[in-house]
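# show me the folded form of this:
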Amino acid sequence: MKRNLWLLAVCQGLFLTNNVTFIAINGLVGLALAPRGWMATLPVMGYVVGGALATGLVAHTQQRFGRRHSFQIGLAVALGSTLLCAQAAVWKDFWLLCFATVVAGYYAANASLYRFAAAELTMPDGREKAVSLVMAGGLLGAVAGPNLAAVTRDWFPVPFAGAYLALAAVALLAMGLMHFIDFPAPPPKSRSAGGRSLAEIARQPVFIVAAVSGALGFGVMNLLMAATPIAMQICSLPFDDIALVLEWHVIGMFAPGFFTGHLIRRFGALPVMGVGLALNLGCIAVALSGVDLHQFLIALFMLGVGWNFLFTGSTTLSLSAYTAEERDRAQGALNFCVFATLALSSFASGVLVTTQGWRLLNFGSLVPVVLTGAALLWLARRQRSTAAATV
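Numbers count the residues shown, from 1 in each chain. Here you go, the predicted model:
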């Protein structure tokens, strides 16, 4: 069991290596190739749009082929799409780059289920810690992603073509590791077709808040993270500084994974998510205070920790909203909410940072933060009312 969890944590790290490298370079490659400056983050948007479009197909392949084989399919798509990105960079074809990142979204939708698979690799009383541990595997991506982009960006005369080729090698490595993970057998088809309808599952307050907080928490993080490389370049900061900020941002995202599960088990998901929300507000305050390197660094680190608390908490919260028979449809719906929000935030980040500036972008991010806070308060009050009624 522990071996499977650690291997899955490494695969999560390799997945985040792909994600962080994409974030570090896609906006910059897009800025160099796009017909208009506001289109710079369309390749970033394409990645999450592809993820949103793929959620239904991923749910189907998970149900039909099981965890391991479905995850391997996702890694094969990652391999092909990164090679296509490299070709687009060589050809200086902006629209081919966008198409390639849409295709890569299938991998993102598939690998985003690693956190749910972690809960299935342990006993019910250890699910919070298992989810948190696999999320902590993203630390590998925190270190590898920005440094991979920095080291490989000049491998070839075409900037960043080498980074895309390096990501193809990362996908091959993950495919090899995934082969050695033993996942539980999927529910029989007769059972997997049972359970409640998605409409019934989605009407539960706990599901609503898990979906809203997970999607908006991820959306705020992506809104600011996707815009950061462009904002820093506009502020004339070198790429090495951009890589450093992204590295510490992703460390903030995944280092808490070693203890977030313990915090959730002790204090509950909602209080931990509330702390994550407060960290998001702190990030915005620091970002609004100036545009020096240390302000980008501190703001993005706080943003990463806040995301970890919100997303790990929302994932744990969602586990009580569905049964094993309902797993694929419920997880598919949760992932669709996340990727649809990411698509909107990816597009908005490029438009806002290039037309309105970094300051107004941060003010705009207060809207989803406030909405998330309202959702958490609503569920907390319902839970208190229910508990009081049963006494």
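# which stretches of the protein aren't confidently modelled?
1, 38, 186-194, 391 (pLDDT under 70).
# strands of this protein, start to end?
Using DSSP state E, no strands are found in the chain.
# quick check: longest helix of it.
As assigned by DSSP state H, the longest helix anywhere in the chain is helix 42-91.
# which elements pack onto it?
Other helices and strands packing on helix 42-91, by 3 or more CB pairs under 8 Å, 6 or more residues apart in numbering; DSSP states H and E, are helix 2-33, helix 94-111, helix 114-120, helix 161-178, helix 327-355. Using the backbone N, CA and C atoms, a C-beta is placed for each residue, glycine as well.
# now it against helix 327-355, angle please.
80 degrees (axes from the mean of the first three to the mean of the last three CA atoms, to 10 degrees).
# right, and Gly304 touches Glu247 too?
No - the pair Gly304 / Glu247 is not scored as a contact, 10.2 Å apart, by CB atoms under 8 Å.
# the closest residue to Phe254 other than its chain neighbours - how many residues pack around it?
Excluding its sequence neighbours, the residue lying closest to Phe254 (CB to CB, 6 or more residues apart in numbering) is Gly138, at 3.3 Å. Counted with other CB atoms under 10 Å, residues neighbouring Gly138 total 27.
# for Leu263, same thing?
When neighbours are counted by other CB under 10 Å, Leu263 registers 19.
# against Ser70, how distant is the residue lying closest to Val58 once chain neighbours are set aside?
Distance criterion CB to CB, 6+ apart; nearest residue to Val58, sequence neighbours excluded, is Ala109 at 4.6 Å. Distance, Ala109 to Ser70, using CB to CB, to the nearest Å: 10 Å.
# okay, and the common contacts of these two?
Residues touching both Ala109 and Ser70 by CB atoms under 8 Å, 6 or more residues apart in numbering: Val58.
# looking at the two, which has the bigger crowd around it?
Neighbours were tallied for Ala109 and for Ser70 using other CB under 10 Å; the higher tally belongs to Ala109 (26 against 22).
# distance of that one from Leu300?
Distance check for Ala109 against Leu300: by CB to CB, it reads 25 Å.
# repeat for Trp378
Distance from Trp378 to Leu300, counting by CB to CB: 29 Å.
# which of those two has more neighbours?
A count of neighbours by other CB under 10 Å puts Leu300 above the other of Trp378 and Leu300, at 26 against 14.
# that one against Ile284, yeah?
No - using CB under 8 Å, Leu300 is not in contact with Ile284, being 11.4 Å away.
# the closest residue to Asp240 other than its chain neighbours: neighbour count?
Nearest residue to Asp240, sequence neighbours excluded (CB to CB, 6+ apart): Ala150, at 6.3 Å. By other CB under 10 Å, 20 other residues sit near Ala150.
# show me what contacts Ala150?
Going by CB under 8 Å, 6+ apart, Ala150 touches Phe239, Asp240, Ala243.
# leaving out the residues flanking it, which one is nearest to the last one?
Nearest non-adjacent residue to Ala243, counting by CB to CB, 6+ apart: Pro146, 3.8 Å away.
# and the first one, by the same measure?
On the basis of CB to CB, 6+ apart, the spatially nearest residue to Phe239 that is not a chain neighbour turns out to be Ala150, at 6.7 Å.
# circling back: now do the longest helix of the chain against helix 2-33, angle only.
Interaxial angle, helix 42-91 versus helix 2-33 (the same axes, to 10 degrees): 70 degrees.
# please compute how far helix 42-91 lies from its chain's middle.
Centroid separation for helix 42-91 versus its chain: 14 Å, with CA atoms, centre = their mean, to the nearest Å.
# try stretch 101-112
11 Å.
# got it, and stretch 202-216?
In terms of CA atoms, centre = their mean, the centre of stretch 202-216 is set 17 Å apart from its chain centre.
# cool, and stretch 94-107?
That offset, for stretch 94-107, works out to 17 Å (CA atoms, centre = their mean).
# which phi and psi does Cys235 have?
phi -80, psi 10 (degrees, to the nearest 10).
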